[in-house]
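J.: test case, fold it:
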Amino acid sequence: MTYISTTMRGQLSGPHAIYHSVVKLTLLSVLLLGTSAVALYFAYRIFSKAPVDRPVWLLLIVAGAGLLFFCLRALPKWLTLGAPVLIISQEGLTFRGKPLMRWQDIIENEWVSLGGFGITTGAALHVQTLDRKIKREAITFNCSAREYMRLCELYEHSSGQHADDAPAAHASVPQS
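T.: Numbers count the residues shown, from 1 in each chain. Model prediction:
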């Protein structure tokens, strides 16, 4: 059981918004656009010296894939940078464009980190209730897995929900 002081309970009375991180979005954009630029550069160098053959087309495909991934993954996040991705409140979790998921209805609340050798290459947030499941890419959030789980636990406890009252959300934090 987590003890919540009256001062902390007052701070938790308002919702907490989680946004995309500008730094993480910049790194993602540089990675995707950098891959495209390098592939285009090498395609140009090969194309200017020799007739068009297989390596040039492969490099152009890599460049196109980098641009496509940028447009599908990073650009929409840049366009909605000022709007919160997720709001954590005493009532529950609210994802942008989705209805509220109440604490008592959440049966799974998991932050999944992908990667290896101590390097995180991706992260996703999986939240499930009895009637729906929401998955969001979380690698560009301006908080870590530990911070997210800590906020969820604090807001859930401050709402008055206890494990005896409702099914508890299964929280999972990756071991780093």
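
J.: make it CA atoms for all contacts and neighbour counts henceforth
T.: Will do.

J.: what about the helices in the protein?
T.: Under the criterion DSSP state H, helices of the chain are mapped to 6-11, 22-49, 54-69, 75-79, 145-158.

J.: quick one: contacts of the fourth one?
T.: Going back to what we said before, that points to helix 75-79. Identification of contacts with helix 75-79 by CA atoms under 8 Å, 6 or more residues apart in numbering yields 20, 25.

J.: flag every buried residue along it.
T.: Buried residues in helix 75-79, counting neighbours by 16 or more other CA atoms under 10 Å, are found at residue 77.

J.: sorry, back to before: which one of the helices of the chain lies closest to residue 87?
T.: Residue 87 lies closest, by CA to CA, to one member of those: helix 145-158, at 10.2 Å.

J.: buried residues, the closest one. List them.
T.: Applying 16+ other CA under 10 Å to helix 145-158 flags 145, 148, 149, 151, 152, 154, 155, 156, 157, 158 as buried.

J.: for the fourth one, give me its contacts.
T.: If I follow you right, that is residue 151. Neighbouring residues of residue 151 by CA under 8 Å, 6+ apart: residue 88.

J.: state the distance from residue 23 to residue 146.
T.: For residue 23, the distance to residue 146 equals 19 Å [CA to CA, to the nearest Å].

J.: ugh, wrong one, I meant residue 87
T.: According to CA to CA, residue 87 and residue 146 sit 16 Å apart.

J.: show residues contacting stretch 95-102.
T.: By CA under 8 Å, 6+ apart, the list of residues contacting stretch 95-102 reads 84, 85, 86, 87, 91, 92, 93, 94, 129.

J.: and stretch 37-57, average pLDDT?
T.: The pLDDT scores in stretch 37-57 average 74.
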